[in-house]
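Chemist: no sequence on this one, just coordinates:
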């Protein structure tokens, strides 16, 4: 599944590296204002009009919880993956109603359920602000000064844009610092659940089949954007293609928000990933996986509470596992080394560019330092601690002008931050204890049990005892208290004797120390990659795309099968195939189709495609991306990549790597036949 | 479950540290030739006769696969845990007959199934050889010389004893080097499976309930020792107590082979465990757990193949998890530090002993080095690689006299080694690929992908490709080839072009380098702990017991419940309680009683005890230990410790830590009523 790596990554350690590369075949996650029109014309005889491009762009929405989606009706109906919506499904569920597992259908607008804290974004405008950002950073500045100057100008541009237009405004760093674009978004913060299938069919085959193909999943959910308490009226939405919707070899486009690729990485940076960071992340993920599995064994309700976390962790683990397998293949690194040597040789040959070679050393230095700091953090896990930590830092940051604050606390981001901070989503104390205790235990491991900060955090108790005490005593479950602390500023925080707030305060200076170190490394890296990007543009041309940044991109490719050794894997599976597959797997574990499907098996068109693959270049974050044909009609919804695609973080291949989609035709068929939801199928125009 | 930590530990990194401590209450894993008779007399008014002691000792057997057991009939019937026998059950199973899961019953001797490679040991004699060992090691020797001299004298003593008596002869290091005892064992290498219940009742509650209490498990299996193709006639065996067999508050004894405790550890050594080693081991275990879980998802047969490994890993993970929770409790370390300071102060006060304080520094230095070497190894996982590695090193070592070889290759150990090496137990290529590939990937992580030894091991391929190639090409599945290579010596190995042998050869010098480093650290540690032990004896007296060494010990305690917060946990559960508990847990996951139990529910005496707890001091390796009353009658079989007992590695407590046993009465009842095995119950004298 393709969305979660992002969320997990943010939680672990967000490294901002972005890339540029030379393209071939169907490679690329292209900027909407810089599409490879020549290549498309040449390879496929297709020339998108500006109208076509704008229509696709405005039909897309980003789920800020981590994923992509599209409008599919004029009344704001939004189609995404079940596993993208699951964050909301989970937050809406209770011990009595498990929508995540059992599905949901609203028969009227009144029955649609409001997501407690979801923000979705529609990209309405793009502006190049590279010169303005770069002008604010002087070459004689120290990395720390440069970082602050850059952060300030970005905040200023965003605030001006917000004031002028009212749109959410984000300056996006492209090509690792080679370009800066201002993205303006229309925000929808009232989003409601309309329909979800059972997890049995949304995630048929479970963890075992995740990232595998052939697949048989109806990994989709419908939500609806609201404005002023009414279904949002939208001018741009995607209509479903007729019939089965797809043809073998057909050109298709994927519009969505790939989260992160790292194709520009130097060999030194890749070695750091291979030998240090990815192994560390995998250890962390497996630790969490086992922890959550154990919790799930305690009972049905515990299982429900932890299910969403567990899925996210297992999904990331499988994805990183694929990544490290690619990185550990000596052939991969050899190839990367060869390309780097060629580029460096070309740069060295150009006398005026020779000093650019220094950038590679800088990147190596930055990673050497990162390697030493790996696993050092000053935060604990769980919702209560996250809230406490944000309140403490927000109060401190708000003493400064917006442009000088840590980036997430700038004024222009406040509304989005508060939506999270004041979310009424349920918090489960037993799960909080589990996460907090384990993160405290990890903190002891990383710092050593005799570290003064460990003593301060534990106060003479074991991690388990201390976590139990903190969760029992904190009042942060009360949203009104969070609001009061937020509006009360530093004075309110200092006067607050909530033990979770006090803990976050105790950790604060170390948190800032680590943050500064990491910001400084990031700035050095940003300057180095900007330098390399400029040289690369000179040597290889600018007909390329930047590494993914969880912003809107267009990818393209053809519907096509592939070989695994001597076996041919067909490009799509069918609805009938799902029933055969259930039988083949013995109808056990996660290979059990829902009762609703079994009941309506005879009435469904068993020959319709259920899932299909194409060669488009995607990555985590693309989950829920619409797949459209030349006419801009919806033919599918991306929900996964196959196992061969898991090295896409570092390189694209169309040999056997494929993006995996739910066929739009299967969504229509299921809505009509299985879920008795004709009106939704009709609203989607079919 | 209490046996597996040992096996896993051997696989990971065997650290030989042993301990001495001051005792209180029911603490202690006592040597059979140095029992706390005074304490028993004073506390319980019980004075065991020499006859009683010898009878218990000779009724016990050690499972060298990791566990304890006892003779329970004159015809060599051996009673142990299901999870101790599971190694054999697993090796005897096939895709068609899964004895581990479905159970087994031999109705005649002819139907009893021979274990492919099991050796069990009966301790027939103990001799103190401390002076002889110490006389061989001169104080002016370097650690390396001292290590070699000590290894040589131990091998010499063992060889002489073997030659003179024909018994397996092991010099055992006690008190971390303070004492050396020669243990002579009668070996049984023809051991056959007689009866095993279904895993559903043997491991009722599964991983979730492991190390929990109350419990409802029939974790037992019967095997039979053979000599010369006939059931072994044994003079000493345990008879079952009549009736329910246990009384609240009754004094009981546990005779078995606790694997390892580390109660003597200095604070520096404990800090190393807390901050370095245990976190590392847990990362490794979770890595393996997730790997094996994924493999099990591939199908029923894969699940069967990996089940035994997966159980072992999960068992160790849960055990280490309990350990680290204890270590990370600041109160625990504070207490240890206080005791250490008191001892050091007493030593410092004694002018003649003052130089002993240097021993603490030595131990700290050794652990500092270990911390740096943590995770460095030069071995890969899987049966084929283990066999290759042993063949390669055996050929090299055999060029030297027995006394100069790496300890496991000494002549007196050859028979036991060859039983393992030439085992006809099945090896599954898919599981071999999985383990080999993952251990190669781990090797890349630990050494870094550009390390020359990594290049040599991978030969330009990814870990997965290389592992697949090696497993496909090796001929080591052929036991005759192993025998030929073993008898052919170095010449045969050098001439062999089996790629697994070649790989082990390529790793050999690094393996030896690491082994030497670790042996040297161990020698320094041994000398330091010997020094501390001598000082401790002087200060605190000798009325104590050495840390566990997987050799026969006697523990004692009373059958007694305990408090968890304000709740009272009763000392035993009943057969009827198992059915109630199944209902309470919803009869799902691992809480499903076998069909045989449900069928015979009405016929069983539901009031009989099923499991019970006592305060005896046990640890991993004690699994299968007989629990006997004052009359030496069998009342139970140890199979677990509760979660509160998981810090027993470092300290004993009787507050709420308990040893958990299967009640012998339940075994008898199940044999008769559920398994229609009256003749076995009769053979056991009841």
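Modeler: It's in. Here the structure is a predicted model, which is why all the values come from computation and not from measurement.
Chemist: use CA for all of it now, contacts and neighbours both
Modeler: Fine.
Chemist: dump the residue contacts of the residue nearest to residue A:344 when sequence neighbours are not counted.
Modeler: Nearest non-adjacent residue to residue A:344, counting by CA to CA, 6 or more residues apart in numbering or on different chains: residue A:357, 6.8 Å away. Contact analysis of residue A:357 by CA atoms under 8 Å, 6 or more residues apart in numbering or on different chains lists A:344, A:347, A:348.
Chemist: Tell me which residues of stretch A:269-285 come out buried.
Modeler: For stretch A:269-285, a neighbour-count test (16 or more other CA atoms under 10 Å in any protein chain shown) marks A:269-285 as buried.
Chemist: From the contacts of residue A:357, list the buried ones, please.
Modeler: Using 16+ other CA under 10 Å as the burial test, the contacts of residue A:357 include A:344, A:347 as buried.
Chemist: Okay, and which of the contacts of residue A:357 map to helices?
Modeler: Among the contacts of residue A:357, the ones falling in helices (DSSP state H) are A:344, A:347, A:348.
Chemist: Quick check: the first one vs residue A:525, distance?
Modeler: Spatial separation of residue A:344 from residue A:525 under the definition CA to CA, to the nearest Å is 17 Å.
Chemist: repeat for residue A:446
Modeler: Separation of residue A:446 from residue A:525 (CA to CA): 26 Å.
Chemist: got it, and residue A:259?
Modeler: The spacing between residue A:259 and residue A:525, counted by CA to CA, is 19 Å.
Chemist: So these two - more neighbours on which side?
Modeler: residue A:259 (28 against 25; other CA atoms under 10 Å in any protein chain shown).
Chemist: Backbone dihedrals for that one, please?
Modeler: Dihedral pair for residue A:259: phi -80, psi -50, per degrees, to the nearest 10.
Chemist: Would you confirm that it contacts residue A:547?
Modeler: No - Residue A:259 lies out of contact with residue A:547 (CA atoms under 8 Å); the separation is 9.2 Å.
Chemist: Which strands or helices does the helix of greatest length in chain A pack on?
Modeler: With secondary structure taken from DSSP H, chain A has its longest helix at helix A:499-540. In this structure, helix A:499-540 packs against helix A:143-165, helix A:330-349, helix A:358-373, helix A:383-397, helix A:452-458, helix A:463-473, with contacts taken as 3 or more CA pairs under 8 Å, 6 or more residues apart in numbering or on different chains; DSSP states H and E.
Chemist: Give the buried residues for the shortest one.
Modeler: What that stands for is helix A:452-458. Burial within helix A:452-458, assessed by neighbour count using 16+ other CA under 10 Å, is assigned to A:453, A:454, A:457, A:458.
Chemist: Stretch A:600-618 too?
Modeler: A:601, A:604, A:606, A:608-618.
Chemist: now swap in stretch A:489-503 and tell me
Modeler: Those would be A:489, A:490, A:493, A:499, A:500, A:501, A:502, A:503, for stretch A:489-503 by 16+ other CA under 10 Å.
Chemist: Which of the residues you listed sits closest to residue A:210?
Modeler: Nearest to residue A:210 among the buried residues of stretch A:489-503, counting by CA to CA, is residue A:500 at 37.2 Å.
Chemist: Double-check the closest one against residue A:387; I have them as touching.
Modeler: No - judged on CA under 8 Å, residue A:500 makes no contact with residue A:387 at a distance of 9.0 Å.
Chemist: From residue A:386, how far out is the residue of the stretch 451-600 of chain A found nearest chain B?
Modeler: Residue of the stretch 451-600 of chain A nearest chain B, by CA to the nearest CA: residue A:462 (4.1 Å). Separation of residue A:462 from residue A:386 (CA to CA): 21 Å.
Chemist: quick one: which of the two has more around it?
Modeler: Legend: neighbour count by other CA under 10 Å for residue A:462 and residue A:386, higher for residue A:462 (21 against 17).
Chemist: what residues are up against that one?
Modeler: Taking CA under 8 Å, 6+ apart, we find residue A:462 in contact with B:325, B:326, B:328, B:329, B:330, B:331.
Chemist: what does residue A:457 give?
Modeler: A:503, A:506, A:507.
Chemist: from these, which is closest to residue B:584?
Modeler: Looking across the contacts of residue A:457 and measuring by CA to CA, the closest to residue B:584 is residue A:503, at 39.2 Å.
Chemist: Excluding chain neighbours, what is closest to that closest one?
Modeler: Nearest residue to residue A:503, sequence neighbours excluded (CA to CA, 6+ apart): residue A:457, at 6.6 Å.
Chemist: if we can go back for a sec, wait, which of the contacts of residue A:357 is closest to chain B?
Modeler: Nearest to chain B among the contacts of residue A:357, with distances taken as CA to the nearest CA, is residue A:344, at 20.6 Å.
Chemist: in the stretch 201-350 of chain A, which spans are helices?
Modeler: Using DSSP state H, counting those that start in this stretch, the helices of the stretch 201-350 of chain A run over A:206-209, A:267-272, A:278-296, A:300-327, A:330-349.
Chemist: any chance of those in CSV, with mean pLDDT too?
Modeler: Formatted as CSV, those follow (pLDDT from 0 to 100):
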stretch, mean pLDDT
helix A:206-209, 94
helix A:267-272, 97
helix A:278-296, 97
helix A:300-327, 95
helix A:330-349, 93
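Chemist: Residue B:77 is nearest to which of those?
Modeler: Checking those against residue B:77 by CA to CA gives helix A:278-296 as the closest, at 37.5 Å.
Chemist: Just the angle for that closest one relative to helix B:300-327, thanks.
Modeler: Taking axes from the mean of the first three to the mean of the last three CA atoms, to 10 degrees, one finds helix A:278-296 and helix B:300-327 inclined to each other by 90 degrees.
Chemist: Could you see whether chain B lies near helix A:278-296?
Modeler: Yes - Helix A:278-296 comes into contact with chain B (CA under 8 Å from any CA of the partner chain), by way of A:279, A:283, A:286, A:287, A:290, A:294.
Chemist: The fourth one and residue B:284 touch, don't they?
Modeler: It refers to residue A:287. No - the pair residue A:287 / residue B:284 is not scored as a contact, 9.9 Å apart, by CA under 8 Å.
Chemist: Counting neighbours, what do you get for the residue of the stretch 251-400 of chain A found nearest chain B?
Modeler: The stretch 251-400 of chain A approaches chain B most closely through residue A:329 (4.1 Å), counting by CA to the nearest CA. Residue A:329 has 20 neighbours, counted by other CA under 10 Å.
Chemist: where does it fall, phi/psi-wise?
Modeler: Main-chain torsions, residue A:329, degrees, to the nearest 10: phi -80, psi 110.
Chemist: how about it, what does it touch?
Modeler: B:460, B:461, B:462, B:463.
Chemist: which non-adjacent residue is nearest the last one?
Modeler: Right, residue B:463. Counting by CA to CA, 6+ apart, residue B:437 is the residue found nearest to residue B:463 once chain neighbours are left out, at 5.1 Å.
Chemist: How about the contacts made by the one you found?
Modeler: B:463, B:464, B:466, B:467, B:468.
Chemist: can we see that at 7 Å?
Modeler: Counting by CA atoms under 7 Å, 6 or more residues apart in numbering or on different chains, residue B:437 touches B:463, B:464, B:467.
Chemist: Determine which residue of chain A is most distant from the centre point.
Modeler: Taking CA atoms, centre = their mean, the residue of chain A most remote from its mean C-alpha position is residue A:351, at 41.2 Å.
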